[in-house]
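[1] With the input below, show me the fold.
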Amino acid sequence: MGHLVNLLQLQTTLFFSNSPTCSSIALKPHTFEYLKANILTSKCKAFGGGEMDALPHLQALRKFPRKELVAKVVLVRFDSTLLLQEQGEEHRFQPNALFTIKYLHQSGAKVVLVSDWSVKTNPRLFVAQSVAEFLSSLLEYKVVPVQCISQNVVSKREGFEKGDILLLENLSEFRGEVANCSKFSQALSSGVDIFVNDYFSRSHKILASTCGVAHFCYANLAGFHFEESLSQLRRATESNTKPHVAIIGGGNLFDKAAALHSLTSRCDGLVFVGMMSFQIMHALGLPVPLNLVEHGVLKEALDIVQVAHIRNVQILYPKDFWCKNDHLPKQLEIFPAHRILDGWVPVDIGPASFVEMKSMLSRCKKVTWIGPVKFRTSNCTKGASELAQMLNQLSQSNCNITVVGNKACEAMVKESNSTFNFTMIKDASVVWEFLKGRKLPGVMALDRAYPFDIDWSDAYSDPAQPLVVDIGSGNGMFLLGMAKTRKDLNFLGLEINKKLVKRCLDSVHWRGIRNGYFIATNATSTFRSIISSYPGKLVLVSIQCPNPDFNKPDHRWSMLQRSLVEAVADLLTANGKVFLQSDIEAVSLRMKEQFQRYGKGKLTVVHEQSFAITNSGWLKDNPFGVRSDWEQHVLARGDPMYRLMLCKSTTTE
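    Below is the predicted model:
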């Protein structure tokens with residue numbers, strides 16, 4: 001707050017309103033304006049500002065062409081806590097996880113399973129052989145353990161002679177897994193064509209088996225369980241159903257402050273039922289035992305309370321607690337929240353708190369419960385059970401209930417006859433990270449290809465005209481120049497840099513160009529989705545001067561991969577062209593090799609008589625007469641460009 005107001009001054013301005021369910025704050029006018037301008041806009045930006053992009057579109061197994069799975073080696077990262085549990089509520093989540101593996105096998109793929117497990121998951125399962133036998137009984141296919149990571153005993157493809165599905169070693173035995181080691185990731189994905197991630201519960205972690213392997217597979221897909229869990233996360237954080245109240249348990253407010261700001265920005269009420277309730281009470285000026293106050297979080301707690309006041313969000317904290325005394329171990333007493341006597345320690349929420357909570361929740365259409373009703377010294381308490389019973393009743397009156405976290409889910413399972421009325425997300429860590437506005441690495445590692453909807457009639461005056469696509473369009477100089485000279489064609493630039501795309505779109509608007517358009521995207525994964533929806537023919541694709549990464553083998557760079565080459569080969573019209581150029585000969589050679597290798601025999605190098613050719617087989621001149629900015633820069637310094645043209649044969653149609 002700096003020079004405007006310090007924390008102690010703010011704390012003295014707090015007072016309680018007459019509302020039984022809401023704590024209000026009186027703020028000085030200049031303080032209110034400061035908070036509105038700074039806290040409300042910055043701390044709540046992720047959700048309230050609508051600028052969060054933590055859940056991008058991704059490519060899912062459900063929409064991947066099934067024929068493309070035939071004879072492919074597919075690595076599946078499965079969740080051992082789902083598939084290796086003998087009994088319990090985990091079985092509710094098993095069907096989609098099992099279906100991912102069965103679907104791949106039935107589609108003709110060569111399935112390789114990989115995961116980590118321990119005796120905590122299932123005491124009877126530890127060695128790979130016992131895990132393989134257990135999975136065989138679940139899947140009704142023969143699963144065989146192989147050592148393809150630690151020992152180069154058998155290749156993944158050769159291993160299929162022994163069984164229907166292969167199981168790799170326990171990932172918990174390798175340090176390269178948690179370190180996301182590149183060499184380990186490469187060994188893990190050796191011989192693999194496609195990666196399918198079905199391990200959503202650790203999508204907030206950077207692991208070799210969820211992130212690293214994605215760099216070495218030509219397609220990376222979300223499995224059925226992963227996709228379902230991601231959809232649940234989307235629904236849980238949507239703010240289109242009102243009133244929406246979040247019930248917040250657990251502790252560690254400092255680490256979760258950003259997530260709490262996000263909840264404050266989209267909910268109509270916050271109910272604190274765990275250790276964090278003491279931090280909120282302390283911020284409100286209530287007397288709280290010092291041993292229950294989290295050190296160094298007063299500022300964060302005050303910010304949350306103040307933002308709630310600005311947005312008129314109700315805050316409910318416990319009004320009473322069940323408490324115990326070490327000197328009277330068998331005795332429990334109820335104390336008001338702000339009058340807990342010395343020597344007594346809260347162990348559970350009191351009855352008056354539940355009456356108040358029930359009154360508030362009865363008016364809700366959506367409730368999200370995240371975090372346990374738990375206190376440091378509690379063992380067997382009834383708070384979670386009572387809350388679960390309350391939410392179970394609400395669900396029967398068309399209230400949308402989302403339950404997040406193992407303890408919360410366990411309580412709902414015990415108190416409800418059918419948990420299918422609720423959205424249940426067992427791992428709270430993923431949700432907390434998402435609420436903080438952070439991108440989930442396990443999600444970002446997957447190809448973002450489906451769905452991608454574009455209104456082509458809005459982009460072009462005549463969307464039926466033949467289309468030219470420039471991949472990695474940069475500042476758009478090439479496409480803008482082409483669009484000006486060739487009104488009979490439509491031009492589309494695909495560029496990953498959003499700022500450059502915005503400038504290009506501004507130029508299109510200012511110049512009144514109606515046959516040019518730009519999209520901010522990763523063309524490697526979205527090209528097929530975008531271009532397949534275009535109503536006209538794709539006649540030309542250009543890739544000019546991609547940035548090479550010489551730290552990777554074979555000058556490998558992320559833009560030009562097998563999936564992109566195959567998509568270009570499939571979608572290009574007969575006699576359509578591919579124009580490639582770079583100022584680095586090794587890069588142009590690499591691009592040429594990639595298109596010839598993965599072009600499915602459809603693309604061949606052409607040397608038309610009108611093109612002058614160098615002794616090395618490169619085009620001497622740019623055949624279009626329009627140069628990109630980098631091409632102009634290279635030629636101005638007197639260096640050569642290495643160009644070639646490919647053509648799609650009519651006989652392969």
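[2] just how off-centre is stretch 259-271 within its chain?
    If you compare the mean C-alpha spot of stretch 259-271 with that of the full chain, they lie 21 Å apart, counting by CA atoms, centre = their mean, to the nearest Å.
[3] what does stretch 230-237 give?
    Centre-to-centre, stretch 230-237 and its host chain are 11 Å apart (CA atoms, centre = their mean).
[4] Alpha carbons of it, as PDB, please.
    What follows is the C-alpha trace of stretch 230-237 in PDB, where atoms were taken according to Å, rounded to 0.1, in the frame of the first residue of the first chain:
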ATOM      1  CA  LEU A 230     -10.100 -31.000 -17.900                       C
ATOM      2  CA  SER A 231     -13.700 -30.400 -18.700                       C
ATOM      3  CA  GLN A 232     -14.600 -30.800 -15.000                       C
ATOM      4  CA  LEU A 233     -12.000 -28.100 -14.200                       C
ATOM      5  CA  ARG A 234     -13.500 -25.800 -16.700                       C
ATOM      6  CA  ARG A 235     -17.000 -26.300 -15.400                       C
ATOM      7  CA  ALA A 236     -15.900 -25.900 -11.800                       C
ATOM      8  CA  THR A 237     -14.300 -22.500 -12.400                       C
END
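[5] Could you list the low-pLDDT ranges of this protein?
    1-57, 86-93, 150-159, 161-162, 376-381, 417-420, 447-453, 548-559, 607-610, 651-653 (pLDDT under 70).
[6] Tell me which residue is most central in it.
    What sits nearest the mean C-alpha location of the chain, by CA atoms, centre = their mean, is residue 443, with 3.5 Å.
[7] isn't that residue right up against residue 60?
    No - in terms of CB atoms under 8 Å, residue 443 does not count as a neighbour of residue 60; the distance is 11.4 Å. To be clear about C-beta, it is placed using only N, CA and C from the backbone, and glycine gets the same treatment.
[8] what does stretch 392-404 contact?
    232, 235-236, 241, 361-362, 364-371, 391, 409, 412, 415-416, 421-425, 428, 431 (CB atoms under 8 Å, 6 or more residues apart in numbering).
[9] buried sites along that stretch?
    Of the residues in stretch 392-404, 392, 394-395, 399-404 count as buried by neighbour count, 16 or more other CB atoms under 10 Å.
[10] What about the residues you listed, which are in helices?
    Under the assignment DSSP state H, the buried residues of stretch 392-404 contribute 392, 394-395 to helices.
[11] I'd like the residues you listed as TSV, with distance to residue 253 appended.
    Shown next, in TSV, are those (distance: CB to CB, whole Å):
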residue	distance to residue 253
392	28
394	26
395	29
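[12] Surely the residue nearest to the centre of the chain is within a helix?
    Yes - under the criterion used here (DSSP: H, G, I helix; E, B strand; the rest coil), residue 443 sits inside a helix.
[13] separation between it and residue 335?
    Spatial separation of residue 443 from residue 335 under the definition CB to CB, to the nearest Å is 45 Å.
[14] burial count for the residue nearest to residue 227 when sequence neighbours are not counted?
    The shortest distance from residue 227 to any residue that is not its chain neighbour, by CB to CB, 6 or more residues apart in numbering, is 4.8 Å, and that residue is residue 60. Burial of residue 60, expressed as a neighbour count using other CB atoms under 10 Å, amounts to 20.
[15] I'd like to know the beta-bridge partner residues of residue 60.
    Listed beta-bridge partners, residue 60: residue 222 (assigned using DSSP bridges).
[16] Please tell me how far it sits from residue 530.
    On the measure of CB to CB, residue 60 and residue 530 end up 17 Å apart.
[17] got it, and residue 299?
    Going from residue 299 to residue 530 by CB to CB gives 46 Å.
[18] Now do stretch 239-250: distance from first to last residue.
    By CA to CA, to the nearest Å, the extent of stretch 239-250 from end to end equals 23 Å.
[19] so what does the lengthiest strand in the chain touch, helix or strand wise?
    When the chain is parsed with DSSP state E, its longest strand is strand 572-582. Strand 572-582 is packed against strand 538-544, helix 585-598, strand 642-648, with contacts defined by 3 or more CB pairs under 8 Å, 6 or more residues apart in numbering; DSSP states H and E.
[20] Deepest in the core, which of those is it.
    Mean neighbours per residue, mean count of other CB atoms under 10 Å, is largest over those for strand 538-544, with a mean of 22.
[21] What pairs with that strand, parallel or antiparallel?
    So strand 538-544, judged by DSSP bridges, has these partners: strand 467-471 (parallel), strand 572-582 (parallel).
[22] what does that strand rub up against?
    For strand 538-544, with CB under 8 Å, 6+ apart as the criterion, the contacting residues are 466-472, 478, 489, 531, 559-560, 568, 571-573, 576-582, 591, 628, 630-631.
[23] Is it correct that residue 233 is in contact with residue 432?
    No - look at residue 233 against residue 432 with CB under 8 Å: they stay out of range, at 11.3 Å.
[24] Roughly how far does the closest residue to residue 244 other than its chain neighbours sit from residue 101?
    Counting by CB to CB, 6+ apart, the nearest residue to residue 244 once its immediate chain neighbours are dropped is residue 366, at 4.2 Å. As judged by CB to CB, residue 366 and residue 101 stand 34 Å apart.
[25] Tell me which of these two has more neighbours.
    Neighbour totals were compared for residue 366 and residue 101, and residue 101 leads with 26 against 22 (other CB under 10 Å).
[26] For the more buried one, which residues are in contact?
    Each residue near residue 101 by CB under 8 Å, 6+ apart is listed here: 76, 78, 111, 113, 139, 165.
[27] re earlier: go through the longest strand of the chain and flag the buried ones.
    572-573, 576-582.
[28] Which neighbouring elements make contact with the helix or strand where residue 270 lies?
    Assignment of secondary structure by DSSP states H and E places residue 270 within strand 269-272. Using 3+ CB pairs under 8 Å, 6+ apart as the contact criterion, the secondary-structure elements in contact with strand 269-272 are strand 244-248, helix 253-266, strand 314-316, helix 351-361.
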